[in-house]
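A.B. asks: Take a look and give me a structure for this.
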Amino acid sequence: MKEITVQELKKMQDSNEGFQFIDVREPYEYEEANLGAELIPLGDVPDSVDKFKRDQKVVVHCRSGKRSANAIKYLEEKHQYDNLYNLKGGILAYQQEIDE
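C.D. replies: Here you go, the predicted structure:
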């Protein structure tokens with residue numbers, strides 16, 4: 001599975017690199033803290049496959065990286081996606097390393 005670090009994500013955000021950013025956490029988690037990603041909770045991913053772009057890099061994140069990895073695994077195995085990147089360490093790593 002392809003991954004990017006929080007430092008790589010920050011560079012992509014700062015340079016306005018074109019990519020889709022998806023958060024697979026639950027709505028209550030998103031309300032508490034978010035990175036500006038589009039919210040598609042993990043349980044909604046099977047019914048929201050068409051919302052994941054195929055023509056650009058898609059960065060998927062959650063709290064720690066586990067749920068986003070599950071979402072990516074599902075999309076790669078069942079829908080042949082090859083442009084998905086897991087945010088290593090999730091929002092926790094972002095908060096620790098970027099938003100000190």
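A.B. asks: which residues touch stretch 71-80?
C.D. replies: 1, 22, 24, 42, 45-46, 49, 52, 60, 62, 81-82, 84-86 (Cβ atoms under 8 Å, 6 or more residues apart in numbering). For every residue, glycine as well, the C-beta is placed using N, CA and C.
A.B. asks: pLDDT on that stretch, on average?
C.D. replies: The average pLDDT for stretch 71-80 rounds to 98.
A.B. asks: Dig out what the residue nearest the centre of the chain forms beta bridges with.
C.D. replies: Residue closest to the average C-alpha location in the chain (Cα atoms, centre = their mean): V60, at 1.4 Å. Beta bridges link V60 to I22, N86 when assigned by DSSP bridges.
A.B. asks: So it sits against V24, correct?
C.D. replies: Yes. Counting by Cβ atoms under 8 Å, V60 does reach V24; the two are 6.1 Å apart.
A.B. asks: Between the two, which contacts overlap?
C.D. replies: Residues within reach of V60 and of V24 at once, by Cβ under 8 Å, 6+ apart, are 68, 71.
A.B. asks: Going by distance to S15, which of the contacts of stretch 71-80 wins?
C.D. replies: Of all those, S15 sits closest to Y85, with 15.7 Å by Cβ to Cβ.
A.B. asks: Identify the residues contacting the closest one.
C.D. replies: By Cβ under 8 Å, 6+ apart, Y85 lies in contact with 2-4, 57-60, 72.
A.B. asks: any chance of those in JSON lines, with secondary structure and distance to G90 too?
C.D. replies: Putting those into JSON lines (DSSP: H, G, I helix; E, B strand; the rest coil; distance: Cβ to Cβ, whole Å) gives the following:
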{"residue": "K2", "secondary structure": "coil", "distance to G90": "15"}
{"residue": "E3", "secondary structure": "strand", "distance to G90": "11"}
{"residue": "I4", "secondary structure": "strand", "distance to G90": "12"}
{"residue": "K57", "secondary structure": "coil", "distance to G90": "17"}
{"residue": "V58", "secondary structure": "strand", "distance to G90": "15"}
{"residue": "V59", "secondary structure": "strand", "distance to G90": "11"}
{"residue": "V60", "secondary structure": "strand", "distance to G90": "10"}
{"residue": "I72", "secondary structure": "helix", "distance to G90": "13"}
